[in-house]
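# The following block contains a protein sequence and its predicted model.
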Amino acid sequence: MADIRRVLVIYVGGTIGMKKKNGVYVPEQNYMVAEIRRNPTLHDESYAKKTSLDKNTLALPESNGIRVVYTIKEDKELKDSSNVNVQDWIDMATDIKTDYDNYIGFVIIHGTDTMAYTASSLSFMIENLHKPVIITGSQIPLAEQRSDGWSNLHGAIYIAGHYKIPEVGLFFNNKLFRGNRCSKKSSESFDAFISPNFPPLLTMAVEVDVRTDLFWEMGDGNEFIFNSHMNRNVAIFRVFPSITEKTLQSFLQAPMEGVVLQTYGVGNFPDNRPELREILQRARQRGVILLNCTQCPEGGLSDSYATGKVLTDAGVILGDDITPEAALSKLGYVLGKTSNREERLQKLEENLRGEITQRRIDRHD
(Lines give C-alpha, C1' and ligand atoms only; values in the text may rest on other atoms or scores of the structure.)
Protein backbone atom coordinates (compact mmCIF):
# COMPACT_ATOMS: atom_id res chain seq x y z
CA MET A 1 0.00 0.00 0.00
CA ALA A 2 1.48 3.31 -1.10
CA ASP A 3 1.95 6.20 1.31
CA ILE A 4 -0.57 8.83 0.13
CA ARG A 5 0.78 12.40 0.25
CA ARG A 6 -1.70 15.21 -0.46
CA VAL A 7 -0.60 18.48 -2.04
CA LEU A 8 -2.63 21.62 -2.80
CA VAL A 9 -1.82 23.38 -6.08
CA ILE A 10 -2.99 27.01 -6.20
CA TYR A 11 -3.24 28.27 -9.77
CA VAL A 12 -3.14 32.07 -9.90
CA GLY A 13 -2.21 32.49 -13.57
CA GLY A 14 0.88 33.13 -15.65
CA THR A 15 2.33 31.95 -18.95
CA ILE A 16 2.00 28.25 -18.17
CA GLY A 17 -1.79 28.27 -18.64
CA MET A 18 -2.05 30.85 -21.44
CA LYS A 19 -3.46 30.47 -24.94
CA LYS A 20 -3.32 32.83 -27.88
CA LYS A 21 -6.32 35.06 -28.50
CA ASN A 22 -6.30 37.85 -31.07
CA GLY A 23 -2.57 37.35 -31.51
CA VAL A 24 -1.54 37.70 -27.85
CA TYR A 25 -1.22 35.30 -24.92
CA VAL A 26 -3.82 35.54 -22.16
CA PRO A 27 -4.61 33.21 -19.21
CA GLU A 28 -7.25 30.62 -20.10
CA GLN A 29 -9.88 29.83 -17.47
CA ASN A 30 -10.83 26.15 -16.86
CA TYR A 31 -8.00 24.89 -19.05
CA MET A 32 -5.18 23.76 -16.76
CA VAL A 33 -6.75 20.65 -15.20
CA ALA A 34 -7.95 19.20 -18.51
CA GLU A 35 -4.54 19.75 -20.10
CA ILE A 36 -2.65 18.13 -17.23
CA ARG A 37 -4.95 15.09 -17.22
CA ARG A 38 -3.64 14.16 -20.66
CA ASN A 39 -0.04 13.92 -19.46
CA PRO A 40 0.75 10.50 -17.90
CA THR A 41 3.80 11.82 -16.05
CA LEU A 42 1.53 14.23 -14.18
CA HIS A 43 -1.60 12.11 -13.85
CA ASP A 44 -2.31 8.41 -13.35
CA GLU A 45 -5.81 8.13 -14.85
CA SER A 46 -6.28 4.48 -13.88
CA TYR A 47 -5.60 5.28 -10.24
CA ALA A 48 -7.98 8.25 -10.40
CA LYS A 49 -10.81 6.05 -11.72
CA LYS A 50 -10.11 3.29 -9.24
CA THR A 51 -10.21 5.69 -6.28
CA SER A 52 -12.94 7.99 -7.68
CA LEU A 53 -10.92 11.20 -7.44
CA ASP A 54 -12.94 14.35 -8.10
CA LYS A 55 -12.43 16.34 -11.31
CA ASN A 56 -9.93 18.79 -9.78
CA THR A 57 -7.83 16.14 -8.02
CA LEU A 58 -5.06 14.33 -9.87
CA ALA A 59 -2.32 11.86 -8.96
CA LEU A 60 1.31 11.43 -9.87
CA PRO A 61 2.40 7.90 -10.73
CA GLU A 62 3.54 6.00 -7.65
CA SER A 63 7.23 6.49 -6.89
CA ASN A 64 9.28 4.65 -4.25
CA GLY A 65 6.15 3.65 -2.37
CA ILE A 66 4.79 7.21 -2.34
CA ARG A 67 1.69 8.39 -4.19
CA VAL A 68 1.33 12.17 -4.47
CA VAL A 69 -2.33 13.14 -4.87
CA TYR A 70 -2.83 16.81 -5.64
CA THR A 71 -5.85 19.09 -5.89
CA ILE A 72 -5.78 22.12 -8.19
CA LYS A 73 -7.53 25.22 -6.87
CA GLU A 74 -7.95 27.72 -9.68
CA ASP A 75 -8.42 31.39 -8.90
CA LYS A 76 -11.61 32.96 -10.23
CA GLU A 77 -9.55 35.64 -11.95
CA LEU A 78 -6.35 34.29 -13.52
CA LYS A 79 -3.66 36.91 -13.88
CA ASP A 80 -0.60 37.66 -15.91
CA SER A 81 1.97 38.12 -13.15
CA SER A 82 2.54 41.73 -14.25
CA ASN A 83 -0.91 42.38 -12.70
CA VAL A 84 -0.17 40.69 -9.36
CA ASN A 85 -0.32 42.95 -6.30
CA VAL A 86 -0.22 42.83 -2.49
CA GLN A 87 -3.83 41.65 -2.23
CA ASP A 88 -2.97 38.64 -4.38
CA TRP A 89 -0.20 37.72 -1.93
CA ILE A 90 -2.67 37.98 0.92
CA ASP A 91 -5.11 35.73 -0.98
CA MET A 92 -2.39 33.12 -1.59
CA ALA A 93 -1.38 33.10 2.07
CA THR A 94 -5.05 32.87 3.09
CA ASP A 95 -5.55 29.81 0.86
CA ILE A 96 -2.55 28.12 2.45
CA LYS A 97 -3.71 29.00 5.96
CA THR A 98 -7.22 27.67 5.27
CA ASP A 99 -5.95 24.27 4.15
CA TYR A 100 -2.68 24.14 6.07
CA ASP A 101 -3.66 21.08 8.11
CA ASN A 102 -5.14 19.21 5.14
CA TYR A 103 -2.05 18.99 2.92
CA ILE A 104 1.59 18.02 3.28
CA GLY A 105 2.78 20.71 0.88
CA PHE A 106 1.67 23.54 -1.39
CA VAL A 107 2.48 24.60 -4.95
CA ILE A 108 1.64 28.00 -6.44
CA ILE A 109 1.47 28.25 -10.24
CA HIS A 110 2.47 31.81 -11.10
CA GLY A 111 3.84 33.93 -13.93
CA THR A 112 7.58 34.50 -14.08
CA ASP A 113 7.76 38.30 -14.33
CA THR A 114 6.95 38.97 -10.67
CA MET A 115 7.57 35.47 -9.33
CA ALA A 116 10.64 36.54 -7.32
CA TYR A 117 8.63 39.35 -5.68
CA THR A 118 5.86 36.91 -4.73
CA ALA A 119 8.33 34.34 -3.39
CA SER A 120 10.11 36.99 -1.33
CA SER A 121 6.94 38.56 0.01
CA LEU A 122 5.33 35.26 1.02
CA SER A 123 8.53 34.21 2.79
CA PHE A 124 8.21 37.23 5.08
CA MET A 125 4.42 37.27 5.41
CA ILE A 126 4.22 33.63 6.49
CA GLU A 127 5.35 32.70 10.01
CA ASN A 128 5.79 29.26 11.61
CA LEU A 129 6.02 27.52 8.26
CA HIS A 130 6.87 23.83 8.60
CA LYS A 131 5.79 22.62 5.14
CA PRO A 132 7.00 23.38 1.61
CA VAL A 133 5.40 26.24 -0.31
CA ILE A 134 6.81 26.05 -3.84
CA ILE A 135 6.21 28.62 -6.57
CA THR A 136 6.67 27.63 -10.21
CA GLY A 137 5.55 28.43 -13.75
CA SER A 138 7.00 28.41 -17.24
CA GLN A 139 8.52 30.46 -20.02
CA ILE A 140 6.40 28.72 -22.70
CA PRO A 141 2.68 27.86 -22.26
CA LEU A 142 1.57 24.23 -21.93
CA ALA A 143 -0.45 24.75 -25.11
CA GLU A 144 2.76 25.15 -27.12
CA GLN A 145 5.29 22.50 -28.13
CA ARG A 146 8.52 22.49 -26.11
CA SER A 147 6.83 23.97 -23.05
CA ASP A 148 9.05 23.91 -19.97
CA GLY A 149 5.88 23.99 -17.87
CA TRP A 150 5.56 20.21 -17.79
CA SER A 151 8.89 19.59 -16.08
CA ASN A 152 8.57 22.60 -13.77
CA LEU A 153 5.10 21.60 -12.64
CA HIS A 154 6.00 17.93 -12.17
CA GLY A 155 9.14 18.82 -10.23
CA ALA A 156 7.36 21.26 -7.92
CA ILE A 157 4.53 18.82 -7.10
CA TYR A 158 6.98 15.92 -6.68
CA ILE A 159 9.14 17.92 -4.25
CA ALA A 160 6.15 19.21 -2.27
CA GLY A 161 4.96 15.66 -1.80
CA HIS A 162 8.28 13.95 -1.10
CA TYR A 163 10.37 16.36 0.98
CA LYS A 164 9.71 18.25 4.20
CA ILE A 165 11.22 21.59 3.28
CA PRO A 166 9.96 24.30 5.68
CA GLU A 167 10.46 27.18 3.26
CA VAL A 168 8.88 29.28 0.56
CA GLY A 169 10.82 28.11 -2.47
CA LEU A 170 10.98 28.86 -6.18
CA PHE A 171 11.37 25.86 -8.50
CA PHE A 172 12.54 26.35 -12.06
CA ASN A 173 14.65 24.39 -14.52
CA ASN A 174 15.33 21.52 -12.07
CA LYS A 175 16.44 23.72 -9.19
CA LEU A 176 14.63 24.68 -5.99
CA PHE A 177 15.84 28.02 -4.69
CA ARG A 178 15.07 29.81 -1.45
CA GLY A 179 12.35 32.18 -2.61
CA ASN A 180 13.76 35.35 -1.10
CA ARG A 181 17.17 34.76 -2.71
CA CYS A 182 15.95 34.83 -6.33
CA SER A 183 15.84 37.26 -9.21
CA LYS A 184 14.65 36.69 -12.74
CA LYS A 185 17.68 36.82 -15.02
CA SER A 186 16.32 35.97 -18.46
CA SER A 187 13.14 36.51 -20.46
CA GLU A 188 14.14 33.84 -23.01
CA SER A 189 16.12 31.05 -21.34
CA PHE A 190 14.54 28.09 -19.51
CA ASP A 191 17.21 28.82 -16.92
CA ALA A 192 15.27 31.95 -16.05
CA PHE A 193 16.15 32.52 -12.39
CA ILE A 194 19.32 33.11 -10.46
CA SER A 195 20.07 32.83 -6.76
CA PRO A 196 23.29 34.85 -6.83
CA ASN A 197 24.43 34.56 -3.23
CA PHE A 198 22.95 31.28 -2.03
CA PRO A 199 23.06 27.74 -3.48
CA PRO A 200 19.93 25.77 -4.46
CA LEU A 201 18.10 23.92 -1.71
CA LEU A 202 17.52 21.03 -4.10
CA THR A 203 18.72 20.04 -7.55
CA MET A 204 17.00 17.44 -9.75
CA ALA A 205 19.26 15.43 -12.03
CA VAL A 206 19.76 11.66 -12.32
CA GLU A 207 19.74 11.81 -8.53
CA VAL A 208 17.88 14.37 -6.42
CA ASP A 209 20.43 16.37 -4.41
CA VAL A 210 18.74 17.74 -1.29
CA ARG A 211 20.70 20.22 0.83
CA THR A 212 19.01 19.71 4.21
CA ASP A 213 21.91 21.61 5.82
CA LEU A 214 20.67 24.78 4.12
CA PHE A 215 17.04 24.63 5.24
CA TRP A 216 15.79 27.63 7.19
CA GLU A 217 13.84 26.56 10.25
CA MET A 218 11.04 28.94 11.18
CA GLY A 219 11.22 28.35 14.93
CA ASP A 220 9.21 26.42 17.46
CA GLY A 221 5.76 27.93 16.81
CA ASN A 222 3.20 25.40 15.61
CA GLU A 223 0.38 27.64 14.47
CA PHE A 224 0.58 28.84 10.88
CA ILE A 225 0.08 32.59 10.83
CA PHE A 226 0.68 35.32 8.29
CA ASN A 227 0.98 39.06 8.45
CA SER A 228 -1.39 40.71 5.97
CA HIS A 229 -0.34 44.25 6.87
CA MET A 230 2.27 44.83 4.16
CA ASN A 231 3.13 48.53 4.02
CA ARG A 232 2.60 49.73 0.45
CA ASN A 233 4.36 53.08 0.83
CA VAL A 234 7.74 51.54 -0.02
CA ALA A 235 9.72 51.67 -3.24
CA ILE A 236 13.10 51.08 -4.89
CA PHE A 237 15.28 53.96 -6.04
CA ARG A 238 18.19 53.11 -8.33
CA VAL A 239 21.07 55.56 -7.95
CA PHE A 240 22.49 56.88 -11.24
CA PRO A 241 25.29 59.31 -12.15
CA SER A 242 23.11 62.19 -13.41
CA ILE A 243 20.80 62.19 -10.39
CA THR A 244 19.53 65.64 -9.40
CA GLU A 245 18.46 67.04 -6.05
CA LYS A 246 14.94 67.54 -7.31
CA THR A 247 14.61 63.93 -8.50
CA LEU A 248 15.76 62.44 -5.21
CA GLN A 249 13.76 64.88 -3.11
CA SER A 250 10.57 64.23 -5.08
CA PHE A 251 10.98 60.48 -4.69
CA LEU A 252 11.34 60.69 -0.92
CA GLN A 253 8.27 62.85 -0.34
CA ALA A 254 5.20 61.68 1.59
CA PRO A 255 3.52 59.24 1.56
CA MET A 256 6.83 57.38 1.16
CA GLU A 257 7.76 55.54 4.37
CA GLY A 258 10.55 53.24 3.25
CA VAL A 259 12.99 53.21 0.33
CA VAL A 260 15.46 50.62 -0.94
CA LEU A 261 18.47 52.49 -2.31
CA GLN A 262 20.09 50.47 -5.09
CA THR A 263 23.63 51.77 -5.00
CA TYR A 264 26.85 51.13 -6.91
CA GLY A 265 29.18 48.20 -6.26
CA VAL A 266 29.48 47.34 -2.58
CA GLY A 267 26.98 50.03 -1.61
CA ASN A 268 28.59 53.23 -2.81
CA PHE A 269 26.93 56.62 -3.21
CA PRO A 270 28.36 60.02 -4.30
CA ASP A 271 30.27 61.50 -1.36
CA ASN A 272 31.02 64.72 -3.28
CA ARG A 273 27.32 65.68 -3.39
CA PRO A 274 26.51 67.00 0.10
CA GLU A 275 23.14 68.23 -1.12
CA LEU A 276 22.08 64.64 -1.84
CA ARG A 277 23.27 63.49 1.57
CA GLU A 278 21.25 66.27 3.21
CA ILE A 279 18.11 65.11 1.38
CA LEU A 280 18.61 61.59 2.74
CA GLN A 281 19.16 62.92 6.27
CA ARG A 282 16.04 65.07 6.12
CA ALA A 283 14.03 62.09 4.91
CA ARG A 284 15.31 60.05 7.87
CA GLN A 285 14.33 62.85 10.25
CA ARG A 286 10.79 62.68 8.82
CA GLY A 287 10.77 58.96 9.63
CA VAL A 288 11.57 57.46 6.21
CA ILE A 289 13.49 54.17 6.56
CA LEU A 290 16.35 53.72 4.07
CA LEU A 291 17.77 50.28 3.19
CA ASN A 292 20.85 49.88 1.01
CA CYS A 293 21.36 47.10 -1.55
CA THR A 294 23.73 46.75 -4.47
CA GLN A 295 22.92 47.09 -8.16
CA CYS A 296 25.28 44.17 -8.84
CA PRO A 297 23.65 40.76 -9.45
CA GLU A 298 26.17 39.11 -7.09
CA GLY A 299 27.93 40.11 -3.90
CA GLY A 300 27.15 42.14 -0.82
CA LEU A 301 27.81 45.48 0.81
CA SER A 302 30.64 47.18 2.68
CA ASP A 303 31.20 50.64 4.11
CA SER A 304 34.98 50.38 3.73
CA TYR A 305 34.95 53.03 1.00
CA ALA A 306 34.31 56.68 1.78
CA THR A 307 31.52 56.59 -0.79
CA GLY A 308 29.85 53.78 1.15
CA LYS A 309 30.45 55.10 4.64
CA VAL A 310 28.67 58.31 3.70
CA LEU A 311 25.41 56.34 3.68
CA THR A 312 25.92 54.52 6.98
CA ASP A 313 26.85 57.86 8.55
CA ALA A 314 23.54 59.18 7.22
CA GLY A 315 21.67 56.30 8.94
CA VAL A 316 21.08 54.12 5.89
CA ILE A 317 20.87 50.41 6.81
CA LEU A 318 23.25 48.02 5.09
CA GLY A 319 21.26 45.26 3.42
CA ASP A 320 24.20 42.84 3.16
CA ASP A 321 23.73 40.63 0.06
CA ILE A 322 19.93 40.92 -0.15
CA THR A 323 18.27 40.97 -3.58
CA PRO A 324 16.23 44.05 -4.58
CA GLU A 325 13.04 41.95 -4.59
CA ALA A 326 13.69 40.66 -1.08
CA ALA A 327 14.75 44.11 0.14
CA LEU A 328 11.48 45.68 -0.98
CA SER A 329 9.45 42.78 0.45
CA LYS A 330 11.29 42.87 3.77
CA LEU A 331 10.80 46.63 4.03
CA GLY A 332 7.05 46.32 3.38
CA TYR A 333 6.75 43.47 5.89
CA VAL A 334 8.71 45.15 8.70
CA LEU A 335 6.99 48.52 8.29
CA GLY A 336 3.62 46.78 8.26
CA LYS A 337 4.38 44.70 11.34
CA THR A 338 5.47 47.44 13.75
CA SER A 339 5.31 51.22 13.99
CA ASN A 340 8.18 51.44 16.51
CA ARG A 341 11.15 52.97 14.70
CA GLU A 342 13.84 51.25 16.76
CA GLU A 343 12.16 47.89 16.32
CA ARG A 344 11.88 48.50 12.58
CA LEU A 345 15.59 49.26 12.28
CA GLN A 346 16.51 46.23 14.36
CA LYS A 347 14.40 43.84 12.30
CA LEU A 348 15.76 45.18 9.02
CA GLU A 349 19.27 44.36 10.19
CA GLU A 350 18.28 40.85 11.31
CA ASN A 351 18.30 37.74 9.13
CA LEU A 352 14.56 37.05 9.37
CA ARG A 353 14.05 34.31 6.75
CA GLY A 354 17.51 33.47 5.46
CA GLU A 355 17.38 36.39 3.03
CA ILE A 356 20.90 37.62 3.84
CA THR A 357 24.25 36.03 4.59
CA GLN A 358 24.98 38.58 7.32
CA ARG A 359 28.54 39.29 6.55
CA ARG A 360 30.42 42.41 5.65
CA ILE A 361 33.03 42.59 2.90
CA ASP A 362 36.34 43.77 4.29
CA ARG A 363 38.87 45.07 1.81
CA HIS A 364 42.55 45.40 2.57
CA ASP A 365 44.53 47.06 -0.21
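It's in. Keep in mind that this is a model prediction, so the values were computed, not measured.
# Please identify the helix or strand for the residue most central in space within the chain.
Nearest residue to the geometric centre of the chain (C-alpha atoms, centre = their mean): residue 119, 1.6 Å. Assigned by DSSP states H and E, residue 119 belongs to helix 115-125.
# what does residue 203 give?
strand 202-204.
# Can you list the buried residues in the longest strand anywhere in the chain?
In the chain, taking DSSP state E as the definition, the longest strand is strand 66-79. By 16 or more other C-beta atoms under 10 Å, the buried positions in strand 66-79 come out as 67, 68, 69, 70, 71, 72, 74, 75, 78, 79. From N, CA and C alone the C-beta is placed, and that goes for glycine too.
# Now render these as CSV, adding pLDDT.
CSV is the format used below for the buried residues of strand 66-79 (pLDDT from 0 to 100):
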residue, pLDDT
67, 98
68, 98
69, 98
70, 98
71, 98
72, 98
74, 96
75, 95
78, 95
79, 94
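# which of those lies closest to residue 196?
For the buried residues of strand 66-79, the residue nearest residue 196 by C-beta to C-beta is residue 79; the value is 27.4 Å.
# quick one: pLDDT of the residue lying closest to the closest one once chain neighbours are set aside?
Closest residue to residue 79 apart from its sequence neighbours, by C-beta to C-beta, 6 or more residues apart in numbering: residue 13 at 4.0 Å. On pLDDT, residue 13 comes in at 96.
# how distant is stretch 78-98 from the center of its chain?
Taking C-alpha atoms, centre = their mean, to the nearest Å, one finds the center of stretch 78-98 at 12 Å from the center of the full chain.
# same thing with stretch 116-135?
Counting by C-alpha atoms, centre = their mean, stretch 116-135 is centred 7 Å from the centre of its parent chain.
# My understanding was that the residue nearest to the centre of the chain contacts residue 172; is that so?
No: with contact defined as C-beta atoms under 8 Å, residue 119 does not reach residue 172; the gap is 10.5 Å.
# Pop the domain breakdown of this structure in here.
3-226, 234-349 (automatic domain parsing).
# Just give me how far stretch 31-40 sits from the chain centre.
Worked out by C-alpha atoms, centre = their mean, stretch 31-40 lies 26 Å from the chain centre.
# my bad, stretch 273-290
30 Å.
# May I see the buried residues of that stretch?
Those would be 276, 277, 279, 280, 283, 284, 288, 289, 290, for stretch 273-290 by 16+ other C-beta under 10 Å.
# any idea how far the closest residue to the fourth one other than its chain neighbours is from residue 283?
Nearest in space to residue 280, with sequence neighbours left out and distances taken as C-beta to C-beta, 6+ apart, is residue 314 at 4.9 Å. Remark: distance between residue 314 and residue 283 (C-beta to C-beta, to the nearest Å) = 9 Å.
# what touches both of those two?
Common contacts of residue 314 and residue 283 (C-beta atoms under 8 Å, 6 or more residues apart in numbering): residue 290.
# those helices in the stretch 151-300 of the chain, which residues are they?
If DSSP state H, counting those that start in this stretch is used as the criterion, the helices of the stretch 151-300 of the chain fall at 245-251, 274-285.
# what's the shortest one packed up against?
For helix 245-251, the elements it packs on are strand 234-238, helix 274-285, judged by 3 or more C-beta pairs under 8 Å, 6 or more residues apart in numbering; DSSP states H and E.
# Against which helices or strands is the longest strand of the chain packed?
By 3+ C-beta pairs under 8 Å, 6+ apart, strand 66-79 packs against strand 3-13, helix 32-37, strand 57-59, helix 86-98, helix 149-162.
# Which strands border the first one, and is each parallel or antiparallel?
Note on strand 3-13: by DSSP bridges, its sheet partners are strand 66-79 (parallel), strand 105-109 (parallel).
# in that strand, what's buried?
By 16+ other C-beta under 10 Å, the buried positions in strand 3-13 come out as 5, 6, 7, 8, 9, 10, 11, 12, 13.
# Tell me who's in contact with the residue located most distally from the centre of the chain.
Among residues of the chain, the one most distant from the C-alpha centroid is residue 50; the distance is 37.8 Å, by C-alpha atoms, centre = their mean. Contact criterion C-beta under 8 Å, 6+ apart gives no residues in contact with residue 50.
# excluding its backbone neighbours, what's nearest residue 289?
According to C-beta to C-beta, 6+ apart, the nearest residue to residue 289 is residue 258 (4.3 Å).
# Across the sheet, point out what pairs with the one you found.
With DSSP bridges as the rule, residue 258 is bridged to residue 234, residue 289.
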